[in-house]
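K.L.:
Provided below for reference: sequence and predicted model.
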Amino acid sequence: MIRQSQPRANAADGVSPGASVADRDGHKHVPDDYRTTYQILGSWAVAADDSQGSKELHVVYASPGVIDAYRRDKRFPDGAVLVKEVFKAATSEMTTGTVSRADGLKGWFVMVKDAANSHPESALWGDGWGWSWFDAGDRSKTTTTNFKAQCQACPCRRGRPTGFTSMDTLR
């Protein structure tokens, strides 16, 4: 049984706390209802290395109220949750031209804003965020073992605070 920690976001922040994605020990999971209760933050395609089309499609969701809070305060509020779906892409010719489409979920990347550094002993929490990758087969068991080596080193970040989306999406 997973016991949920108290969410840190609150109505005063303009952010709905919703269901926490971490238990009291900091173990995260992919929220069951993110597609129906979160707001879509953006999507993009990752270009194929050596051919036309895309190799991956990414779709990012933000927990309720996070987008408005970011626009207002120019920062992610404590307790904010971001979920990125990563899909394998298939590219083919169609009547409209060369088209890439989602061809199977690879997994999810879940981030939780944690300004208080609530889990300093965990290699999955730090620098103001909790970070975890989940393979498509298991929404509750992360394959991430160290956010500094596996998440912060990701080339998708390129100097951005999350690597999840361009901040232009939030303006």
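P.N.:
Arrived safely, thanks for sending.

K.L.:
So in terms of bridging, what pairs with residue 126?
P.N.:
Residue 126 has these beta-bridge partners by DSSP bridges: residue 129.

K.L.:
That one: what's it in contact with?
P.N.:
Residue 126 makes contacts with 117, 120, 147, 148, as judged by Cβ atoms under 8 Å, 6 or more residues apart in numbering. For every residue, glycine as well, the C-beta is placed using N, CA and C.

K.L.:
Convert the longest helix seen in the chain to PDB, retaining C-alpha atoms only.
P.N.:
If you go by DSSP state H, the chain has its longest helix at helix 66-73. The C-alpha trace of helix 66-73 is given here as PDB (Å, rounded to 0.1, in the frame of the first residue of the first chain):
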ATOM      1  CA  VAL A  66       0.500  25.100 -12.700                       C
ATOM      2  CA  ILE A  67       0.400  26.900 -16.100                       C
ATOM      3  CA  ASP A  68      -1.500  29.900 -14.700                       C
ATOM      4  CA  ALA A  69       0.800  30.000 -11.600                       C
ATOM      5  CA  TYR A  70       3.900  29.900 -13.800                       C
ATOM      6  CA  ARG A  71       2.600  32.700 -16.100                       C
ATOM      7  CA  ARG A  72       1.800  34.800 -13.000                       C
ATOM      8  CA  ASP A  73       5.000  34.200 -11.000                       C
END
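
K.L.:
Low-confidence ranges, this protein, go.
P.N.:
1-19, 149-171 (pLDDT under 70).

K.L.:
tell me what the longest helix of the chain is packed against?
P.N.:
Helix 66-73 sits against strand 39-47, with contacts defined as 3 or more Cβ pairs under 8 Å, 6 or more residues apart in numbering; DSSP states H and E.

K.L.:
For the nearest residue to residue 84 once chain neighbours are set aside, give its distance to residue 97.
P.N.:
Distance criterion Cβ to Cβ, 6 or more residues apart in numbering; nearest residue to residue 84, sequence neighbours excluded, is residue 109 at 4.3 Å. In this view, residue 109 and residue 97 are 30 Å apart by Cβ to Cβ, to the nearest Å.

K.L.:
Okay then, goodbye and thanks.
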